[in-house]
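Student: Here you go, sequence then predicted model.
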Amino acid sequence: MSMQDTPEERQRAETQSVPLPGSDRAPAPGIRDVLGPVDPSRRIEATVILRRQEEMPEVPSAALSRDELASRYGASAADLDLAVRTFADLGLDVVESDAASRRIRLSGTVERMSSIFGTSLDELTSRSPDGTAVTHRHRTGGLQVPADLDGVVVAVLGLDDRPQARAQFRAIPLATAGTSYTPPQLGKIYNFPEGTDGTGQTVAILELGGGYGQQDLDTYFQGLGIATPSVTAVGVDGGANQPGQDPAGADGEVLLDVEVVGALAPKATIVVYFAPNTDAGFLDAIVAASHANPAPAAISISWGQSEDAWTAQARTAFDQAMADAAALGVTVTAAAGDNGSADGATDNKDHADFPASSPHVLACGGTRLQADTATGVISAETVWNDGPNSATGGGYSDVFPVPSWQSGISGHAKHKKAGRGVPDVSGVADPQTGYKVRVDGKDMVIGGTSAVAPLWAALVARLAQATNRRFGLIQPLLYQNGTQPASGFHDITTGSNGSYHAGTGWDPCTGLGSPDGSALLALLQTKP
């Protein structure tokens, strides 16, 4: 088939299609206004993921270069060439193709895309994960792919551009905060390694909305007596740094993340990736951050959504992208959720939050902290739980099995669960004992597990500086074959997040516990 083929010949080629496993999509929640079919002449983009040429081991043996990743675990040259030719012949524009990340970015009209992938796209208004109304493209059911690409294409994302994730944070006015901490105070309380500041390291932060202003950063860091760190914004798939658009929402997330990393690893280079809040935008941001040169020591993700709100193909594509990040020596930290063990679901069942539930992510849960800022001594640290919709996420994955490094911990047997346990680690997240930050000209206190992901990303950067090594998948080093409780942590033994209770050692509320940074450094220095 060539570009000169007639419409009838193209139609025959498109009828030779097969179902794409895992592509079934449920209706968006809270549908309000159905505006009708999307204009068939509108041009849209989609991200296609191809299969690996070789399966990746659960735990990478050593950090790979991007070329090594491409040659071993990327898309094969034959698969990539076949897919590019097939889609081009069917009338789509190939915007980008990349063997290492196994992605092809396609552009075309709604009519072409819908025909090739066997779906119909409507425009409607539904309830986004943060509760607001949003108008977007929408599809339901499964997708098709050309028969020639059966088994070659494993995911097609972005046709439906509903908001995919929510920011995992809780903000309160400064005046109502019972106790609050600056990030440097938390660095002292959590005993971040002395003599480290992130020098020579890069920390990437992923954002799906909002933005930061330089004046906020300069004012905030000046107040802490810290030189404003190097912060750069990178746009992905049309995303951009847009401060002032959402002061009570996404801006709070962005500035919290940047200020926590910048205050705890002030000499690190901070790169903030802004992408649309869609499954395709989120994935493309992960790839952009993890495949950057130089690769970051850590990527902080403070956005997520209940596992069952994702398509199976999207979860798999994300997990594999996180596995690629680990293979490249990048540690991905992700917030475990702020809605207790149910993760905000209304089906009376418990749910883990994704992408934190990916076994290739360091999942970060939340605590309530009482500590002396002068001495750094912790007087009490318990599970964060202010109610069912203001409590740390945690529990067990329904889709990812128990990873080898998590085998032997008592929580799985106790709860008779066969899925990956969440979280791995924790830190203060209760907004009543939260983080002092500055957002859009206002001083605020913010909590939520979204604060814990950048805290741990900053710690990973300082540990990488101190050891002159990259950790990638750091969990096998932290779990220590089921030893209870693990060294290098403040074990949290009091409180619950709904269905689950804290206990000695790992638990599905606070994981291994909150960090003792210097003890973790000593532990990692003994590990090969």
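Tutor: It's in. Numbering: from 1, shown residues only.

Student: Helices of this structure, residue ranges please.
Tutor: Chain-ordered helices for the chain, with DSSP state H as the definition, fall at 7-15, 66-73, 77-89, 110-117, 183-189, 214-224, 250-264, 279-290, 312-327, 410-415, 452-467, 475-479, 517-525.

Student: need these in JSON lines with distance to Pro29 and mean pLDDT, can you?
Tutor: Placement of C-beta: from N, CA and C, glycine included. Shown next, in JSON lines, are the helices of the chain (distance: least, C-beta to C-beta, whole Å; pLDDT from 0 to 100):
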{"stretch": "helix 7-15", "distance to Pro29": "32", "mean pLDDT": "55"}
{"stretch": "helix 66-73", "distance to Pro29": "35", "mean pLDDT": "96"}
{"stretch": "helix 77-89", "distance to Pro29": "32", "mean pLDDT": "98"}
{"stretch": "helix 110-117", "distance to Pro29": "23", "mean pLDDT": "98"}
{"stretch": "helix 183-189", "distance to Pro29": "35", "mean pLDDT": "98"}
{"stretch": "helix 214-224", "distance to Pro29": "33", "mean pLDDT": "97"}
{"stretch": "helix 250-264", "distance to Pro29": "19", "mean pLDDT": "97"}
{"stretch": "helix 279-290", "distance to Pro29": "15", "mean pLDDT": "98"}
{"stretch": "helix 312-327", "distance to Pro29": "16", "mean pLDDT": "98"}
{"stretch": "helix 410-415", "distance to Pro29": "28", "mean pLDDT": "68"}
{"stretch": "helix 452-467", "distance to Pro29": "25", "mean pLDDT": "98"}
{"stretch": "helix 475-479", "distance to Pro29": "32", "mean pLDDT": "93"}
{"stretch": "helix 517-525", "distance to Pro29": "40", "mean pLDDT": "94"}
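
Student: Can you lay out those helices as JSON lines showing distance to Thr135 and mean neighbour count?
Tutor: Putting these into JSON lines (distance: least, C-beta to C-beta, whole Å; neighbours: other C-beta atoms under 10 Å) gives the following:
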{"stretch": "helix 7-15", "distance to Thr135": "29", "mean neighbour count": "13"}
{"stretch": "helix 66-73", "distance to Thr135": "38", "mean neighbour count": "18"}
{"stretch": "helix 77-89", "distance to Thr135": "28", "mean neighbour count": "17"}
{"stretch": "helix 110-117", "distance to Thr135": "15", "mean neighbour count": "22"}
{"stretch": "helix 183-189", "distance to Thr135": "37", "mean neighbour count": "22"}
{"stretch": "helix 214-224", "distance to Thr135": "30", "mean neighbour count": "16"}
{"stretch": "helix 250-264", "distance to Thr135": "17", "mean neighbour count": "27"}
{"stretch": "helix 279-290", "distance to Thr135": "16", "mean neighbour count": "26"}
{"stretch": "helix 312-327", "distance to Thr135": "21", "mean neighbour count": "24"}
{"stretch": "helix 410-415", "distance to Thr135": "41", "mean neighbour count": "16"}
{"stretch": "helix 452-467", "distance to Thr135": "30", "mean neighbour count": "28"}
{"stretch": "helix 475-479", "distance to Thr135": "40", "mean neighbour count": "21"}
{"stretch": "helix 517-525", "distance to Thr135": "45", "mean neighbour count": "18"}
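
Student: out of those helices, nearest to Ser97?
Tutor: Using C-beta to C-beta as the criterion, the shortest distance between Ser97 and the helices of the chain is 5.4 Å, found for helix 77-89.

Student: In terms of secondary structure, what does that closest one contact?
Tutor: Under the contact criterion of 3 or more C-beta pairs under 8 Å, 6 or more residues apart in numbering; DSSP states H and E, helix 77-89 touches strand 43-50, strand 93-98, strand 103-109.

Student: can you do 6 Å?
Tutor: Using 3 or more C-beta pairs under 6 Å, 6 or more residues apart in numbering; DSSP states H and E as the contact test, the elements touching helix 77-89 are strand 93-98.

Student: Please identify which of the helices of the chain is closest to Asn385.
Tutor: Relative to Asn385, the nearest member of the helices of the chain by C-beta to C-beta is helix 452-467, separated by 14.8 Å.

Student: helices or strands next to that closest one in the packing?
Tutor: Helices and strands touching helix 452-467, by 3+ C-beta pairs under 6 Å, 6+ apart, are helix 250-264, strand 298-301, strand 331-335, strand 362-371, helix 517-525.

Student: a markdown table for the ones you listed, including distance to Gln465?
Tutor: Conversion of the helices and strands packed on helix 452-467 to a markdown table gives the following (distance: least, C-beta to C-beta, whole Å):
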| stretch | distance to Gln465 |
| --- | --- |
| helix 250-264 | 12 |
| strand 298-301 | 11 |
| strand 331-335 | 13 |
| strand 362-371 | 18 |
| helix 517-525 | 10 |
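
Student: Against Ala464, how distant is the spatially most central residue of the chain?
Tutor: The C-alpha lying nearest the average C-alpha coordinate of the chain belongs to Ile301 (C-alpha atoms, centre = their mean; 4.0 Å). Note on Ile301: its distance to Ala464, by C-beta to C-beta, to the nearest Å, is 18 Å.

Student: How about Thr504?
Tutor: The gap separating Thr504 from Ala464 is 30 Å, by C-beta to C-beta.

Student: residues in contact with the residue lying closest to Ala171 once chain neighbours are set aside?
Tutor: Nearest non-adjacent residue to Ala171, counting by C-beta to C-beta, 6 or more residues apart in numbering: Ile446, 4.8 Å away. Contacts for Ile446 were tallied using C-beta atoms under 6 Å, 6 or more residues apart in numbering; they are Phe169, Ala171, Gly252, Leu256, Gly434, Tyr435, Val437.

Student: My read is that Gly118 contacts Gln144, right?
Tutor: Yes - in this structure, Gly118 is within contact of Gln144 by C-beta atoms under 6 Å, at 3.0 Å.
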